[in-house]
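[1] sequence first, then the predicted structure, then my questions.
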Amino acid sequence: MKVTIVGAGNVGATCADVISYRGIASQVVLLDIKEGFAEGKAMDIMQCAPNTGFNTYVTGVTGDYSKTAGSNVVVITSGVPRKPGMTREELIGINAGIVKGVAENVLKYSPDAIVVVVSNPMDTMTYLTLKATGLPRHKVIGMGGALDSARFKYFLSKALDKPTGDVDGMVIGGHGDTTMIPLTRLASYNGIPVTDFLSGEELEKVAADTMVGGATLTKLLGTSAWYAPGAAVAYLVDSILNDQKKMIACSVLLEGEYGQDDICLGVPCIIGANGLEEILDIHLNDEEKAKFEKSADAVRNMNADLKEVLA
């Protein structure tokens, strides 16, 4: 199985590293426009193999999309990362043209690939990729919910003072500081609702910390985070390549689900060999429905800025 990762920055390189040492794919191609950058990252990763024992073959190329031919999955991380104080939404004008060009180029050589979009603002870039390429919705997946849900579980585990592996939770809605919806009502600790252990005030803090999880790291690091995002992408790619049919919150095109049409938003999905295999309709209460509608309105407003790019 072959995976192409466009953008050899921190997230792209971490994704390649995780895919390699977990043996998710037999071949990974890192592509970047900066001369020698992807080649250097690939060489550095490959020099880990003698000490870590992985067999994935990682190569790097500068702008040569022909080397990506025959990819089963293409991951798009290209674009400008956030700086402190910058929202994901502010990246639309910068990243839209980049993502559109990348999507069109990779599909020239891998027309059957499933495309995973990571670039921010992720929901809008996923929608752009769908509209620009004309791919069916099951082949274009936005990676946001997998990361947001991981951060949610982390903050839940801290509040509970329990291992993250014993905690389950999901974040739906837009992948933005004000648009994501941590489903605290449905979160659990080894199958027991977390509401049995945490007060409403404590859960509100967990949700608030989750929503600004990326911004908090950007402030601390001076740029976007990369370890957790890279691992979240690899987790999603693993479910595709190995047909694991995991339930993962992903940004996908909605066609009536959750009362929304013609928009990409994070919802519970079954992810397998065909990409998006099923959208699960979980019961939301009135408060959660209202938050989801508000999230959809915000993302739809951002999508309106794509008119020139898609013209």
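    Alright, I've got the coordinates.

[2] can you point out the buried residues in stretch 94-110?
    95-96, 98-100, 102-103, 105-107, 109-110 (16 or more other C-beta atoms under 10 Å). The way it works is simple: take the backbone N, C-alpha and C, and place the C-beta from them, glycine included.

[3] among those residues, which one lies nearest to Ala296?
    Lowest distance from Ala296 to these (C-beta to C-beta) belongs to Ala96, with 19.5 Å.

[4] and that closest one, what helix or strand is that in?
    helix 92-109 (DSSP states H and E).

[5] quick one: average pLDDT of whichever helix or strand comes after that helix?
    Next helix or strand after helix 92-109 toward the C-terminus (DSSP H and E): strand 114-117. In this model, strand 114-117 carries a mean pLDDT of 98.

[6] partners of strand 114-117, with directions?
    Strands adjacent to strand 114-117 in the sheet, as given by DSSP bridges, are strand 73-76 (parallel), strand 140-142 (parallel).

[7] from what I see, Ser251 and Pro268 are in contact.
    No - in this structure, Ser251 sits apart from Pro268 without contact. The criterion is C-beta atoms under 8 Å, and the distance is 11.7 Å.

[8] returning to what we had before: can I get the strands paired with strand 114-117 in CSV including distance to Arg300, mean neighbour count and mean pLDDT?
    Conversion of the strands paired with strand 114-117 to CSV gives the following (distance: least, C-beta to C-beta, whole Å; neighbours: other C-beta atoms under 10 Å; pLDDT from 0 to 100):
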stretch, distance to Arg300, mean neighbour count, mean pLDDT
strand 73-76, 22, 28, 98
strand 140-142, 15, 30, 98
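
[9] reformat these as TSV; add distance to Met302.
    As requested, the strands paired with strand 114-117 are exported to TSV (distance: least, C-beta to C-beta, whole Å):
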stretch	distance to Met302
strand 73-76	18
strand 140-142	13
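
[10] shouldn't Gly169 be in contact with Tyr154?
    No - using C-beta under 8 Å, Gly169 is not in contact with Tyr154; the gap is 9.7 Å.

[11] the more surrounded of the two?
    Each of Gly169 and Tyr154 had its neighbours counted (other C-beta atoms under 10 Å), and the higher figure belongs to Gly169 (26 against 18).

[12] next up, the contacts around the nearest residue to the more buried one once chain neighbours are set aside.
    Nearest non-adjacent residue to Gly169, counting by C-beta to C-beta, 6 or more residues apart in numbering: Ala187, 3.7 Å away. Under the criterion of C-beta atoms under 8 Å, 6 or more residues apart in numbering, the contact partners of Ala187 comprise 152, 156, 167-170, 193-194, 203.

[13] rerun at 10 Å
    With contacts defined as C-beta atoms under 10 Å, 6 or more residues apart in numbering, the neighbours of Ala187 are 149, 152-153, 156, 160, 167-171, 193-195, 198, 203, 206-207.

[14] for Gly53, same thing?
    Listed by C-beta under 10 Å, 6+ apart, the contact partners of Gly53 are 21, 23.

[15] distance-wise, check it relative to Tyr227.
    The gap separating Gly53 from Tyr227 is 21 Å, by C-beta to C-beta, to the nearest Å.
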